[in-house]
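K.L.:
Structure for this input, please:
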Amino acid sequence: MCLLDLLTGIGDTLWEYGTLLTLLFVMVCTISALRTWKKEQLRKEWNAAGKDVVVLHTFGRGYTCPHMSPFGLKLETYLRMAGYKIQIDDQNPKSSKGKSPWITLNGVDMTDSQLIIDHLSANNKSFSSHLSDKEKAIANAFQIMVDEHLYWGLVRYRYLTDPHVRVLQLTSIFPKWIKYMLSVMKHKIRKALHVQGIGRHSDAEVLEIMRKDLESISIYLGEKPFIMGDEPCEVDCAIFGQLGQLLWNAPDSPYYTMVTEDFPNLQQYCLRMKEKFWPDWEEVLDKPPK
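P.N.:
So this is what the prediction gives:
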């Protein structure tokens, strides 16, 4: 092969690589531009919802409960309690922090269900203002217990302890291929539970931990209509968000039995919350495939 042929071959190769790189560059720029355009269109859509209308970004509805996430149920219940008009967006469930749910209100994004409730309560109407400082401390303790403790027991049962992972059958929000990724998903959840701490215990120990949490709520609730008295307040949204998952999204679980049989006042409490703030419960549920 002469030098000219060699140089020609190298030139052709470089031309091909250059063309390929150019095409890849154009594709990346196009995809980036499309994503930016889509975000701008979504922002326009959210801003067009209207003044003081809350765009609630969350996962899609379930078959037995409007939210598969306890925090979604918690936040929407609060928004209903506070009288906000709500527009559901189930196409963008995760915020910039990677958390769900989140909201857009008058062009402003807010994340974390409790931070959102705290902000709206401080700037709109507080349902806990009538409580004494001692009662507010008790309410705060219950909110933390259910959101930061009881919740992890639910996660463990839902994805690790339940051999059938029936939560996947209660909604269409999970892609069909998720069952093939269960081992990867379970590994990540098991790691998160280990870091949190509850994953280091046996099933029997976790069961007892959950029982004590539920018993504490049941004892304090007693025969009161709501956790702090005759009228519901913000903490009821958190408690209902978690208990609602055990009552409607954990079929045949020991926790369902606890709520319905061991501590029946918790079931009646959930039904009161549902009746008061979710008169359209059945209407908003997703319909399971036939």
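K.L.:
roughly how far apart are the nearest residue to residue 89 once chain neighbours are set aside and residue 184?
P.N.:
What sits nearest to residue 89 in space, not counting adjacent residues and going by C-beta to C-beta, 6 or more residues apart in numbering, is residue 57, at 4.8 Å. Glycine gets a C-beta too; all of them are placed from N, C-alpha and C. From residue 57 across to residue 184, the span is 25 Å (C-beta to C-beta, to the nearest Å).
K.L.:
Neighbour count: those two, which is higher?
P.N.:
Taking neighbours as other C-beta atoms under 10 Å, residue 57 and residue 184 compare with residue 57 leading, 24 against 10.
K.L.:
Tell me the bridge partners for the more buried one.
P.N.:
residue 89, residue 102 (DSSP bridges).
K.L.:
can you give me the helices for the stretch 51-200 of the chain?
P.N.:
Along the stretch 51-200 of the chain, the stretches classed as helices by DSSP state H, counting those that start in this stretch are 70-81, 113-123, 133-145, 151-156, 182-196.
K.L.:
and of those, who's closest to residue 204?
P.N.:
Ranking the helices of the stretch 51-200 of the chain by proximity to residue 204 (C-beta to C-beta) places helix 151-156 first, at 12.5 Å.
K.L.:
thinking again about what came up before, same list (the helices of the stretch 51-200 of the chain) but as a markdown table, adding mean pLDDT and distance to residue 98.
P.N.:
Converted to a markdown table, the helices of the stretch 51-200 of the chain look like this (pLDDT from 0 to 100; distance: least, C-beta to C-beta, whole Å):
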| stretch | mean pLDDT | distance to residue 98 |
| --- | --- | --- |
| helix 70-81 | 98 | 13 |
| helix 113-123 | 95 | 14 |
| helix 133-145 | 98 | 21 |
| helix 151-156 | 96 | 16 |
| helix 182-196 | 91 | 13 |
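K.L.:
and the ones you listed, which is most packed in?
P.N.:
helix 70-81 (a mean of 25; mean count of other C-beta atoms under 10 Å).
K.L.:
Skipping adjacent residues, who's closest to residue 88 in space?
P.N.:
residue 56 (5.5 Å).
K.L.:
Am I right that residue 270 sits in a helix?
P.N.:
Yes. The assignment for residue 270 is a helix, going by DSSP: H, G, I helix; E, B strand; the rest coil.
K.L.:
and residue 164, backbone torsions?
P.N.:
As for residue 164, its main-chain torsions (degrees, to the nearest 10) stand at phi -100, psi 0.
K.L.:
Tell me the confidence at it?
P.N.:
With respect to pLDDT, residue 164 scores 86.
K.L.:
can you check residue 33 too?
P.N.:
pLDDT, read off for residue 33, is 69.
K.L.:
Ok, the one 5 residues further on next?
P.N.:
At residue 38, the pLDDT value in this model is 68.
K.L.:
circling back to that earlier point, so how far is residue 110 from the residue nearest to residue 88?
P.N.:
Distance from residue 56 to residue 110, by C-beta to C-beta: 11 Å.
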